[in-house]
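Asker: Model the following, please.
(one chain, ligands or ions: 1)
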Amino acid sequence: MQTRLFIDGQWAEPVHGGTFPVIDPATEAVIHHAPAATAADVDRAVQAARAAFDHGPWRRLTGAERARYLRAIARQIRERLEELARLEVLDNGKPLPEARWDIGDAAGCFEYYAGLAEELDTQAVETISLPDARFTSKAVREAVGVAGAIVPWNYPLLMAAWKVAPALAAGCTIVLKPSELTSLTALELGAIAQKVELPAGVLNIVTGSGRDVGQPLSEHPGVDKLAFTGSVPTGSKIMAAAARDIKRVSLELGGKSPFVVFDDADIARAVEWIMFGIFWNQGQVCSATSRVLVQEGLYERLVERLVEETGKIRIGNGLEDGTLLGPLVSRDQFDKVLAAVDRARAEGARVATGGRAAPGFAAGYFMEPTVLVDVPLESAAWNEEIFGPVVAVRRFRDEAEAVRLANDSVFGLGAAVMSADDARAERVAAALRAGIVWINCSQPTFTEAPWGGYKQSGIGRELGRWGLNNYLETKQITRYVSDEPWGWYIK
Ligand code: NAD
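Answerer: Model (predicted):
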């Protein structure tokens with residue numbers, strides 16, 4: 001486990017020498033002390049990224065040359081997959097098979113953007129046809145500059161990869177700030193950068209709190225673009241900080257994503273996708289389908305089956321074989337989620353199963369997977385993100401009501417619809433105000449496809465070509481090619 005910050009290609013002690021404890025959420029043991037950066041370290045990291053962008057080789061390399069580094073990073077991640085996955089479990093609590101999936105996906109993300117970096121060599125310049133033959137024009141896509149990336153704790157290395165990979169592919173340099181709850185794998189990315197001899201200053205990693213590291217990074221005048229994944233309140237602060245210097249900003253925020261199940265759906269499939277949509281990663285997933293709308297003809301049977309299957313989920317330490325639900329990430333998150341269930345009860349929802357700290361654990365933030373039914377429309381449990389293994393279920397009558405209820409949210413990240421009638425599923429998908437719509441499933445995520453939200457769920461799209469565009473500026477270069485003088489002032 002790394003004990004120092006990664007700045008300008010070197011491991012560096014924080015200027016003020018601080019550390020913060022890293023806690024295993026399954027045991028509550030302090031397993032490490034991570035370096036606590038402050039504004040002075042952020043400044044060093046931004047200066048390094050600035051110098052590497054302004055004067056270093058990185059953005060002048062061809063896309064194919066940058067792609068070689070990206071592929072080397074991916075290879076290192078794959079070589080260390082098991083070790084990194086175990087580190088992720090210790091830090092975040094998720095079951096090991098999920099962590100392996102995430103780390104493999106992180107490697108895949110670097111490989112994918114290596115491909116797009118190569119394409120930039122032939123596709124970064126576009127000829128513009130003009131109606132005036134005295135001019136020629138072209139549009140050139142270039143790196144934005146220094147990117148500041150601030151990421152959350154639910155997919156520590158993967159969320160870092162979603163930002164670092166496209167930024168590097170585009171030719172940007174970057175300062176990465178992981179969540180203070182999960183710094184371990186992000187710091188290993190520093191070791192990987194060193195191993196593949198990424199030029200100094202291209203990737204810098206500063207760990208610590210939102211106040212001491214995130215805020216100074218978002219306010220730093222040397223940063224050209226901010227990329228953030230996290231909560232709406234923090235996203236709003238970051239957008240305000242970006243506004244001062246007109247920094248480019250992309251935000252991936254929270255959600256309260258609906259899952260609409262029509263009564264022609266296969267009940268077993270519906271139940272499994274509902275469970276996958278809310279219990280994967282302990283429900284700490286921005287796109288979790290945490291509001292389930294079931295058509296009345298299926299409602300009773302579906303709830304009964306959902307409760308039965310939910311009760312069978314094996315809760316345990318993420319490192320133990322067979323665990324399907326690990327602990328929540330922190331004491332704070334555990335308290336928040338349990339409090340949200342208490343509030344739901346007080347507001348009139350019925351807890352059909354779960355709702356308590358999981359019995360039988362001497363330590364750790366283990367919570368029972370929870371199904372809330374009859375959840376009042378105006379309740380917090382129906383409207384606010386809980387970010388835990390808690391699903392709120394309601395019934396609906398017809399398609400129009402389903403769409404109205406599904407769209408009645410300040411969020412618009414994900415949405416899912418399940419029906420045997422393809423035309424109806426497509427109709428509903430078209431009517432849903434969300435950036436990601438799943439038909440007959442919930443949550444599968446592909447590096448190639450755009451990811452992001454409508455409404456308060458964010459601004460911009462990550463992944464796919466859209467993700468690369470976040471780190472590119474477009475420059476117009478127009479040339480006067482006529483032999484004739486312009487002849488406006490001087491005839
Ligand atoms: P958070 O907003 O508390 O923290 C996210 C990051 O921002 C952390 O690194 C934190 O240290 C930093 N931060 C905190 N205050 C800051 C400030 N004032 N200035 C700059 N940085 C600051 O969120 P979290 O609790 O880590 O993550 C959970 C939230 O993230 C949920 O709301 C979830 O929906 C959202 N999320 C969204 C996506 C997505 O793709 N849309 C993915 C994962 C998580």
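Asker: so how far is residue 451 from the residue nearest to the spatial centre of the chain?
Answerer: The centroid of the chain falls nearest to residue 159 when counting by C-alpha atoms, centre = their mean (4.7 Å). When C-beta to C-beta, to the nearest Å is applied, the distance between residue 159 and residue 451 equals 11 Å. Just so you know, the C-beta spots here come from the backbone N, C-alpha and C atoms, and that holds for glycine as well.
Asker: which residues does the residue lying closest to residue 376 once chain neighbours are set aside contact?
Answerer: Residue nearest to residue 376 in three dimensions, not counting chain neighbours: residue 348, with 4.9 Å by C-beta to C-beta, 6 or more residues apart in numbering. Residues near residue 348 by C-beta atoms under 8 Å, 6 or more residues apart in numbering: 374, 375, 376, 379.
Asker: Pretty sure the first one sits against residue 350.
Answerer: Same thing as residue 374. Yes - contact criterion C-beta atoms under 8 Å: residue 374 and residue 350 qualify, at 5.0 Å.
Asker: can you give me phi and psi for residue 11?
Answerer: phi -80, psi 130 (degrees, to the nearest 10).
Asker: The one 4 residues further on too?
Answerer: Main-chain dihedrals, residue 15, degrees, to the nearest 10: phi -50, psi -40.
Asker: surely it meets residue 38?
Answerer: Yes - under the criterion of C-beta under 8 Å, residue 15 is in contact with residue 38, at a separation of 6.5 Å.
Asker: For these two, indicate the residue with more neighbours.
Answerer: residue 38 (19 against 15; other C-beta atoms under 10 Å).
Asker: distance of the more buried one from the ligand?
Answerer: Going from residue 38 to the ligand by C-beta to the nearest ligand atom, to the nearest Å gives 13 Å.
Asker: that older thread, helix or strand next in line after the strand or helix carrying the residue nearest to the centre of the chain, which one?
Answerer: In this assignment (DSSP states H and E), residue 159 forms part of helix 156-170. Beyond helix 156-170 on the C-terminal side, the first helix or strand identified by DSSP H and E is strand 173-177.
Asker: what does that following strand contact?
Answerer: Under C-beta under 8 Å, 6+ apart, the answer for strand 173-177 is 42, 45-46, 49-50, 52-53, 56, 58-59, 145-151, 160, 163-164, 167-168, 186, 189, 201-208, 213-214, 217, 223.
Asker: How about stretch 34-44?
Answerer: By C-beta under 8 Å, 6+ apart, stretch 34-44 touches 1-5, 7-8, 12-16, 18-22, 45, 175, 177, 180, 183-184, 187, 206-209, 212-213, 216-217, 220.
Asker: taking the residues you listed one by one, which sit in helices?
Answerer: Among these, the ones falling in helices (DSSP state H) are 45, 184, 187, 216, 217.
Asker: show me what contacts the third one?
Answerer: This points to residue 187. With C-beta under 8 Å, 6+ apart, residue 187 has these contacts: 1, 2, 6, 34, 178, 205, 207.
Asker: how distant is stretch 274-292 from the center of its chain?
Answerer: 14 Å (C-alpha atoms, centre = their mean, to the nearest Å).
Asker: Distance check, the closest residue to the ligand within the stretch 51-200 of the chain against residue 118.
Answerer: Nearest residue of the stretch 51-200 of the chain to the ligand, counting by C-beta to the nearest ligand atom: residue 152, 3.2 Å away. Residue 152 sits 30 Å away from residue 118, going by C-beta to C-beta.
Asker: How about the residue of the stretch 51-200 of the chain closest to the ligand, nearest residue that isn't a chain neighbour?
Answerer: Using C-beta to C-beta, 6+ apart, the closest residue to residue 152 is residue 230 (4.6 Å).
Asker: which ones are touching the one you found?
Answerer: With contact set as C-beta under 8 Å, 6+ apart, residue 230 has these partners: 150, 151, 152, 179, 252, 253.
Asker: Please repeat the previous calculation with a cut-off of 7 Å.
Answerer: Shown in contact with residue 230 (C-beta atoms under 7 Å, 6 or more residues apart in numbering): 150, 152, 253.
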